[in-house]
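S.K.: structure, please.
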Amino acid sequence: MASRLLRLPRTRIMAFVPGFSAGVGSRQLTHRATAVSSSLSNFATGRPVPGIAPPFSSRRTAAARQLTRPQHAPVSTSTPTMAAGDKMGATVEVPSIKVEVTTDAPSGELLVVALHAAAKPEGEDAEEDAEENDDKPLPLPPSLTDLDAALSGALTDLLDDGSFTGAAGSSTPILRLPSSCAVKRVALVGLGKADGPKADGALRDAGAFAITSGLGVKAASTVWLAFADLASASGLAAVAEGAHLTMFSDDRFKGTLKASVAAAKKRGERLPTQLTLSGVSVAADGVGAAVGRGAALAAGVTLTKQLVAAPANVVTPTALAETAEAIAAAFPDVECEILEQSDCEALGMGSFLAVGRGSVEPPKFIHMTYKPAGGNPVKKVCLIGKGITFDSGGYNIKAGAGSMIALMKFDMGGSGTVFGAARAIAELKPNVEVHFIVASCENMVSANAYRPGDIIQASNGKTIEVGNTDAEGRLSLADALVFAEKLGNVDAIVDLATLTGAMIVSLGHDVAGLFSNNDDLAEALTASGKASGDPMWRLPLVESYREGLKSALADMNNIGGKGAGSITAALFLREFVSKGMPWAHIDIAGTAWSEKKGGATGYGVRALCHWVASLEAAAPAAGK
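M.R.: Down below sits the predicted model:
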């Protein structure tokens, strides 16, 4: 799904992995060679079966699992490359920001004061009181009266204007203060209702607003953000996350190298280097953990955004494998194995391998494992991400204005989310064993590509008639689901995928679709989505729609009948987990990318991290 007109180096895709450098990093990593039974199906080995097309090329890759890009001479001769020495990093350097909490009085170049909207009146006269309050300025909280006096009444002046209501995302212009004040400039930012469902999201935006406001004040190396009373640890984490997220500006592919570096340097020189928070009443022993959590989540979300936004000639299956290696190299609690095509053949992954047959990019089956240092995790879960780095649709090619083929670099959005979650979880260190699994390849058209009507076999033995080559995501996920369950003693499996356009029609770009065979798991994920600002809505697995997946020749078809496309896709995936295995599928086709939000959203990282943390919180202290 990617243009091949420009081939850019990928060695700096991991700007958000500490200690990352070109290659796989300082820690030696090994790849698992899996023993196989000699009785494997011909579907899996690539040997022709009479009357049935093999699921992938019978040409084997080299046994050595080196993450070096194979040379495809017939292709590379017609693929223009960048001139020698003309190197553009896959990421821009991100300036650091220090977030600290203090009880000192604000001082310096810029102070931002965050205020909640007025609470709605209650009681018999609530409507009448509300009408009266509409004409009154937002009252200044009593806890800020001393600060207002120190600012020569500037806060009262900004509120008396009447235009600032404290609504989430609202703000005032920056006001210059008299030289007698310890602070030179002040502005207000709204937090919305104190008990609103998006309270942490508003706090995240407030942290971001403080940093962007500092960007406009040349001398503001430190920006202050004051609250009437910030008592929530999750709220404090959200503020820190917002500040860190704002430090990243995606200029990776703009202009020449020289211009890009100059722009990044100029922006870095103008950005604040510290955000100081006052009015925080979070317990002292919880401040560091909250601020650290915000920084870790921001690093994960930003990594997801970078991977999903990058073009497909930069983020290839090999690049994803290198990224996984880099995460493992940076965090001692993370291990990584990369299964090459020959390994996948040995495991019978005919469904996954069929999808990648048409591409010169070699498929990579990526398995990262986070194991808590204590060695006694309370749960063991698997997170699976769809990793189709470009989806042309295959022979059922995406055509027409509504096909979104130019956007199909984002079809690895599920893997982007899983990688971001891996990056964050490795730093957050929950006492939960987490496996991160991505079956990555491209879905392209070539003489070797799989065709409509082919019959392929997944690693659980089920055969699949290919009704549509553009329903490829579920084929790659099928073998990933089987692999996850075979790890043994797994408590839950969650997959995320930009799976169906029908999901965008159903829920738009703000809410993901959730399917599950387990009510407790569905409720936990829904709660985590709500708490973290990554909302999802549970949809039904309608049993009667399973009829649409029937095939006269194979165990099932990979495409259902007309209508309910998201449901039939989920029903297909359910065929690859055991009935007793708690499983959930999250369709992020609408939420992974939003033009309104500037492209890649980073959706899902916060929800997954919150869910994993909730597993630890709910488990007995003694462990599993």
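S.K.: C-alpha from now on. contacts and neighbour counts both.
M.R.: Noted.
S.K.: skipping adjacent residues, who's closest to residue 524 in space?
M.R.: Nearest non-adjacent residue to residue 524, counting by Cα to Cα, 6 or more residues apart in numbering: residue 611, 6.9 Å away.
S.K.: which SS class is that neighbour?
M.R.: Following DSSP: H, G, I helix; E, B strand; the rest coil, we place residue 611 in the helix state.
S.K.: quickly list the domain ranges of the chain.
M.R.: As recorded under automatic domain parsing, the domains making up the chain are 98-287, 315-618.
S.K.: distance between the ends of the shortest one?
M.R.: Same thing as domain 98-287. 13 Å (Cα to Cα, to the nearest Å).
S.K.: pLDDT on that domain, on average?
M.R.: Mean pLDDT, computed over domain 98-287, is 89.
S.K.: distance from the chain centre to that domain, please.
M.R.: 26 Å (Cα atoms, centre = their mean, to the nearest Å).
S.K.: same question, the last one
M.R.: Taking Cα atoms, centre = their mean, one finds domain 315-618 lying 12 Å from the centre of the chain it belongs to.
S.K.: that one spans what distance, first to last residue?
M.R.: First residue to last in domain 315-618 (Cα to Cα) measures 37 Å.
S.K.: tell me the contacts of the residue nearest to residue 524?
M.R.: Neighbour list for residue 611: 524-525, 528 [criterion: Cα atoms under 8 Å, 6 or more residues apart in numbering].
S.K.: try residue 198
M.R.: Applying Cα under 8 Å, 6+ apart, the residues contacting residue 198 are residue 533.
S.K.: I'd say residue 482 and residue 576 touch.
M.R.: Yes. If you go by Cα atoms under 8 Å, residue 482 and residue 576 touch, sitting 5.9 Å apart.
S.K.: looking at these two, which is more packed in?
M.R.: A direct count of neighbours by other Cα atoms under 10 Å for residue 482 and residue 576 places residue 576 higher, at 21 against 18.
S.K.: closest one to residue 298 among the domains of the chain?
M.R.: Closest to residue 298 of these is domain 98-287 (Cα to Cα; 5.1 Å).
S.K.: overlap in contacts, residue 482 and residue 576.
M.R.: residue 460.
S.K.: so the closest residue to residue 194 other than its chain neighbours versus residue 212, what's the distance?
M.R.: Leaving aside its sequence neighbours, residue 194 sits nearest to residue 116 (Cα to Cα, 6+ apart; 5.9 Å). Per Cα to Cα, residue 116 is found 20 Å from residue 212.
S.K.: the two: who's more crowded?
M.R.: residue 116 (23 against 18).
S.K.: so who does that one touch?
M.R.: 166-168, 190-194.
S.K.: looking at the contacts of residue 611, which are in helices?
M.R.: Among the contacts of residue 611, the members found in helices (DSSP state H) are 524-525, 528.
S.K.: select from these the one having the most neighbours.
M.R.: Using other Cα under 10 Å as the neighbour criterion, residue 525 leads the ones in helices among the contacts of residue 611 with 28 neighbours.
S.K.: please read off the pLDDT at the residue nearest to it when sequence neighbours are not counted from the model.
M.R.: Leaving aside its chain neighbours, residue 525 sits nearest to residue 611 (6.2 Å; criterion: Cα to Cα, 6+ apart). In the predicted model, residue 611 carries a pLDDT score of 99.
S.K.: and residue 346, by the same measure?
M.R.: On the pLDDT scale, residue 346 is placed at 99.
S.K.: what helix or strand does the closest residue to residue 447 other than its chain neighbours sit in?
M.R.: Nearest-residue entry for residue 447: residue 358, 7.1 Å, with adjacent residues in sequence omitted and distances by Cα to Cα, 6+ apart. Using DSSP states H and E, residue 358 is not contained in any helix or strand.
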